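Sequence first, then the predicted structure:
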Amino acid sequence: MSEDEYARRGIDLDKPNPARVYDYILGGRLNYAVDRMFADQVLAAQPNARERAQLNRQWLRRAIRFGMAQGIRQFLDIGSGMPTVGHVHEVAHGIDPTARVVYVDNEPVAVAHSEIVLEDNENAVMVHADAEFPDDVLEHETTEMMLDLDQPVMVVMALFVHFIPDERDPARLIGAYRDALAPGSYLAMSSATPEQQSDGTARAVAMYQKSANPVTPRTADELRALVDGFEILDPGIVFIPQWRPDDPADVPANPAECGGLALVARKD
């Protein structure tokens, strides 16, 4: 692809992008040299970053299965990133192929590859929009075609909200999505946290602070404040591998090493 084509598609190859960095850390190929260079620096500071990414992806699968068990058949994945194996639609459609999934991202590479992966899937689509503008997402013609907001939806924010600093008011953002949802809807959220973290984590966070997408790790109390208006379900806000593990043996000896917290909450 030529530089002009990159520019036409809005792909900035001068700065690492979180979706592409995460794809590389997960072992994907939808990334560029600038992303790999940054990710390698993060891995040097935080050698278990790949394990952390895998633990978050495993939590996501458990959360989707939980939503399906509650009767949810509509999913809105905010900041969905790359269409890697075991994404929301694969988990949901493994249980019910009629479940509808809308992915949302503003990263051109993530959007382009998602559209290719989902081309023949009538029940899963990608919306190219900035999730920080909920109206652009919720009123997008594709979203309106796929999701009935008068019926329960599970909104997924996996490792998304920590890219929204306090000055951009993440509570307002989450509240806008909450207010648009029908009673009986759910929010599944994970986020980086400063709680019980090592110096390596602090160094990795500091690297992001110098990037175009700084990270704001949050405590359990701070995340609880962001989801006001939802009922946080058991087991509460916990380290990612502690959220309803398939097997107690799946929880590491030190669950805080995952670097993040997770929750699922319900709108009554």
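That came through, no problem. Keep in mind that what you see is a predicted model, and the values were worked out from it rather than measured.

Mind jotting down where the helices sit in the stretch 51-200 of the chain?
Remark: helices assigned in the stretch 51-200 of the chain by DSSP state H, counting those that start in this stretch are 88-95, 108-117, 134-138, 141-146, 170-180, 199-209.

burial of Glu139, as a residue count?
12 (other C-beta atoms under 10 Å). (Glycine included, C-beta is placed from N, CA and C.)

Per-residue pLDDT of it, please?
Listed pLDDT for Glu139 reads 97.

re the thing from before, so which of the helices of the stretch 51-200 of the chain gets nearest Tyr24?
helix 108-117 (11.6 Å; C-beta to C-beta).

Now do the closest one: which elements does it pack against?
Under the contact criterion of 3 or more C-beta pairs under 8 Å, 6 or more residues apart in numbering; DSSP states H and E, helix 108-117 touches helix 18-25, strand 100-105, strand 124-128.

Phe38 versus Ala44, what's the distance?
11 Å (C-beta to C-beta, to the nearest Å).

Between the two, which has more neighbouring residues?
Phe38 (22 against 13).

Please report how far the residue nearest to the more buried one when sequence neighbours are not counted lies from Ala39.
Distance criterion C-beta to C-beta, 6 or more residues apart in numbering; nearest residue to Phe38, sequence neighbours excluded, is Pro16 at 3.7 Å. Per C-beta to C-beta, Pro16 is found 7 Å from Ala39.

of these two, who's got more company?
Neighbour tally, Pro16 and Ala39, criterion other C-beta under 10 Å: the higher count belongs to Pro16, 26 against 21.

quick one: the more buried one is in a strand?
No - using DSSP: H, G, I helix; E, B strand; the rest coil, the assignment for Pro16 is coil, not a strand.

Hmm, it is touching Asp40, no?
No - between Pro16 and Asp40 there is no contact under C-beta atoms under 8 Å: 10.5 Å.

does Glu231 have beta-bridge partners, and which?
Under DSSP bridges, the beta-bridge partners of Glu231 are Arg266.

if I look at it, how far off is Ile25?
Distance from Glu231 to Ile25, by C-beta to C-beta: 33 Å.

With Asp234 instead?
In terms of C-beta to C-beta, Asp234 sits 30 Å off from Ile25.

For the two, indicate the residue with more neighbours.
The residue with more neighbours, out of Asp234 and Ile25, is Ile25; 22 against 8, by other C-beta under 10 Å.

Pass me the low-pLDDT residue ranges in the stretch 1-150 of the chain, would you?
Residues of the stretch 1-150 of the chain that meet the criterion pLDDT under 70 lie in 1-13, 83, 85.

Likewise for the stretch 151-268 of the chain?
210-212.

Identify the residue nearest the geometric centre of this protein.
Central residue of the chain (C-alpha atoms, centre = their mean): Ala158, 2.5 Å from the mean position.

Report the contact partners of that one.
Listed by C-beta atoms under 8 Å, 6 or more residues apart in numbering, the contact set of Ala158 reads 56, 59-60, 77, 79, 188-190.

Looking at those residues, which is nearest Pro248?
Trp59 (15.0 Å).

pretty sure the closest one is in contact with Leu261, am I right?
No - the pair Trp59 / Leu261 is not scored as a contact, 10.2 Å apart, by C-beta under 8 Å.

quick one: common contacting residues for those two?
190, 240.

thinking Arg168 is in contact with Glu132, fair?
Yes - if you go by C-beta under 8 Å, Arg168 and Glu132 touch, sitting 6.8 Å apart.

Of the two, give the one with the bigger neighbour count.
Set side by side, Arg168 and Glu132 show more neighbours around Glu132, with 19 against 11, by other C-beta under 10 Å.

What's the separation between the more buried one and Ser114?
According to C-beta to C-beta, Glu132 stands 19 Å off from Ser114.

swap in Val238?
From Val238 over to Ser114 the distance is 30 Å, taken as C-beta to C-beta.

Among the two, which residue is more densely surrounded?
Neighbours per residue, other C-beta under 10 Å: of Val238 and Ser114, the larger number sits with Ser114, 26 against 17.
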